[in-house]
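*Asks:* What would the 3D arrangement of this be:
(chains A and B)
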Amino acid sequence: MDKFNVIIVGAGLAGLGAAYTLAGSGLEVLILERGDYPGAKNVTGGRLYVNPVRDLFPGLFEKAPLERFITREGVTLMAKERSTSFNYSGNELRTEPHQSYSVLRAKFDRWLAEQVEEKGAMVLSKIRVDDIIEDHGKIAGVVAGGDELRADVVIACDGVLSLLSEKAGLRSPASTRNFALGIKEVITLNSGVINDRFALNGDEGAAHLFVGEVTRGKFGGGFLYTNRESLSLGVVVGIEDAMDAKLPVEIPALLEAFKSRPEIAPLIKGGSSVEYSAHVIPEGGFKAMGNLYGNGILAAGDAAGLALNIGFTVRGMEYALASGYFAAQTVLKAREAGNFSAVALSIYKRLLEESFVLQDAKNFQETPAVLSNPRVFTHYPEMIGNLMKDIYAVPAGPKSSLYPTLRKHVGLSELWNIFKDLREVMKI
Amino acid sequence: MSETVDMKAKLGLNVFKPAAVPHIKIKQGMERDPRLTSALRLCPAGLYSVNESGEVVLATIDGCLECGTCRLACGTEVLEWDYPEGGTGVQYRFG
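*Replies:* As a prediction, this is how the structure comes out:
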């Protein structure tokens, strides 16, 4: 029977972040991954914000296979027949070190796993963990492929559903309200074509979010990220919002409709879809998190519910990397003390609380409630679109004055509603 | 599945390694449970359908994207749900 110091379940960013930090410390670290290779089961929108994790992994991101650094940000309020867009770009986004990069996970995670292996940790792929081993109330290892693998401590990095955390009693079976479903296509295009279509130079990239009709007014939105030689185009929709008869179409049809929108179709024209993926995303924030640790176990990344959607920025990967890092630091401290009980492992929570991980989660804990306001997804895209329509319209006869046009769309009751919605936004 | 989506072609883009046993099953006697109806519209791979006798069926699991939406939306009282065996199922090349 094998005994390791640490068993990490899942070679995603949390698991690899933990292993990278632990490798080279003299501990025997085993990572178990159910995919053919690290990254085979992992999906992002997506983009990685590097600033919060750069110092935790010195020198790592400079040589990482990232896609493009994002220099153009955009949001579109998508109404049924029109849309209003807001774009941002600034010199700071073009200046090194770059704030964020588009990422393709199969490539990135595979590379990171190679770095982890070079540092001395063992990564075993094609192995599904089936159960946990519990000894006298303490997690003592895992069962995988019929074998019992024992360790001082297990780090559950098994993703958003985290069956392991559920089995270990760290959290109860998930509630639909706290999760969204993301579906995505990767569409290949020549890098020069991408640069021309999105007004980019060299390795610059664009990120764009779409709100409104793309989810038929339900919680969620569309996203578009430029990679080096492909686009990541997808739709995210709240699972509870999409259940029963609330969403009038089937989920896959949302992406097809999004692709054929006049705002999107010319951007993907001539490209070929090379992959279709789906992934669930934690959306509940701080209030929906389960326990982060127990006797002999820690949970990190999506498995711990660490993701943050605040409308303009949608984040998860840097929380995974950082929580992996802090889980590793916790293990090193617990090993010094020779104690892996829940009490000893509780430093993990303190380390996360002192870092951006739980500080962000707490600061933005009201966002899921605020963003669940249906007016964001239905009313505002239409109202602002209709206002824009009249502002830009030049009729055959005389054009109406600007102020009455504005008042036609934004009357007193509308102003009062905007005020009420803004008052909610003030909570975040 | 909706006629506007050619799901077969879409799933055909992916690298998929079939497993010996399906990792998701509708529990026996639950085929008419209303909780399953969410899966008909939510499954991004369109794997759930209704047969002639009005039961929800999972004709094949091949193509499953392993997102977990059906586990969340329908629950484990109606679904037997696990990830596929190691080294099987969808293998994302881009992700």
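
*Asks:* Domain-wise, how is chain A divided?
*Replies:* A:3-67+A:103-171+A:289-354, A:177-282, A:370-425 (automatic domain parsing).

*Asks:* which one of these lies closest to B:Gly75?
*Replies:* domain A:177-282 (11.4 Å; C-beta to C-beta). Using the backbone N, CA and C atoms, a C-beta is placed for each residue, glycine as well.

*Asks:* what separates A:Leu209 from chain B, distance-wise?
*Replies:* 20 Å (C-beta to the nearest C-beta, to the nearest Å).

*Asks:* Given the host helix or strand of that residue, what are its sheet partners and their directions?
*Replies:* Using DSSP states H and E, A:Leu209 maps to strand A:204-212. With DSSP bridges as the test, strand A:204-212 is paired with strand A:69-78 (parallel), strand A:220-226 (antiparallel).

*Asks:* neighbouring contacts of it?
*Replies:* For strand A:204-212, contacts defined as C-beta atoms under 8 Å, 6 or more residues apart in numbering or on different chains pick out A:47, A:67-79, A:83, A:94, A:100-102, A:195, A:198, A:200, A:221-227, A:258, A:263, A:311-312, A:314, A:376-378, A:380-382.

*Asks:* for stretch A:353-373, same thing?
*Replies:* A:52, A:178, A:219, A:238, A:283-289, A:306, A:308-311, A:315, A:319, A:322-323, A:326, A:349, A:352, A:421, A:424-425, A:427-428.

*Asks:* which among those end up buried?
*Replies:* Buried members of the contacts of stretch A:353-373, scored by 16 or more other C-beta atoms under 10 Å in any protein chain shown, are A:52, A:178, A:219, A:238, A:283-286, A:288-289, A:306, A:308-310, A:315, A:319, A:322-323, A:326, A:349, A:352.

*Asks:* Sitting in strands, which of these do you find?
*Replies:* A:Gly238, A:Leu308, A:Asn309, A:Arg315 (DSSP state E).

*Asks:* Name the nearest residue to the second one, sequence neighbours excluded.
*Replies:* Spelled out, that is A:Leu308. A:Arg315 (4.9 Å; C-beta to C-beta, 6 or more residues apart in numbering or on different chains).

*Asks:* related to what we said a few turns ago, go ahead and measure how far the strand holding A:Leu209 is from the middle of the chain.
*Replies:* 14 Å (C-alpha atoms, centre = their mean, to the nearest Å).

*Asks:* May I have it exported as CSV, CA atoms only?
*Replies:* Output of strand A:204-212 as CSV, limited to C-alpha atoms (Å, rounded to 0.1, in the frame of the first residue of the first chain):
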residue,chain,number,x,y,z
GLU,A,204,-3.1,42.1,-28.3
GLY,A,205,-6.5,40.6,-27.6
ALA,A,206,-10.1,41.6,-27.1
ALA,A,207,-12.7,40.5,-24.6
HIS,A,208,-16.3,41.2,-25.0
LEU,A,209,-19.4,40.4,-22.9
PHE,A,210,-23.0,40.5,-24.1
VAL,A,211,-26.1,40.9,-21.9
GLY,A,212,-29.8,40.6,-22.7
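
*Asks:* show me where pLDDT drops low in the chain?
*Replies:* You didn't pick a chain, so chain A it is. A:1, A:244-245 (pLDDT under 70).

*Asks:* not what I meant, chain B
*Replies:* In chain B (pLDDT under 70), the answer is B:1-4.

*Asks:* Would you map the helices across it?
*Replies:* Ranges of helices in chain B, per DSSP state H, are B:7-11, B:37-42, B:69-74.

*Asks:* So which of the ones you listed is the most surrounded?
*Replies:* helix B:69-74 (a mean of 26; mean count of other C-beta atoms under 10 Å in any protein chain shown).

*Asks:* can you list contacts of that helix?
*Replies:* So helix B:69-74 is in contact with A:161, A:174, A:176, A:179, A:181, A:239, A:243, A:278, A:280, B:24, B:33, B:35-36, B:38-39, B:42-44, B:48, B:79, B:81, going by C-beta under 8 Å, 6+ apart.

*Asks:* how about the strands in chain B?
*Replies:* B:16-17, B:24-26, B:48-50, B:56-58, B:79-81, B:89-90.

*Asks:* Check which residues of the fourth one are buried.
*Replies:* Residues of strand B:56-58 classed as buried under the neighbour-count rule (16+ other C-beta under 10 Å) are B:Val56, B:Leu58.

*Asks:* Next one: that strand, is it in contact with chain A?
*Replies:* No. With C-beta under 8 Å from any C-beta of the partner chain as the criterion, chain A is not reached by strand B:56-58; the gap is at least 14.3 Å.

*Asks:* Direction included, what does that strand pair against?
*Replies:* Strand pairing (DSSP bridges) places strand B:56-58 next to strand B:48-50 (antiparallel).

*Asks:* List the buried residues of the strand it pairs with.
*Replies:* So strand B:48-50, judged by 16+ other C-beta under 10 Å, has buried residues B:Tyr48.

*Asks:* so how far is that strand from its chain's centroid?
*Replies:* For strand B:48-50, the distance to the chain centre is 9 Å (C-alpha atoms, centre = their mean).
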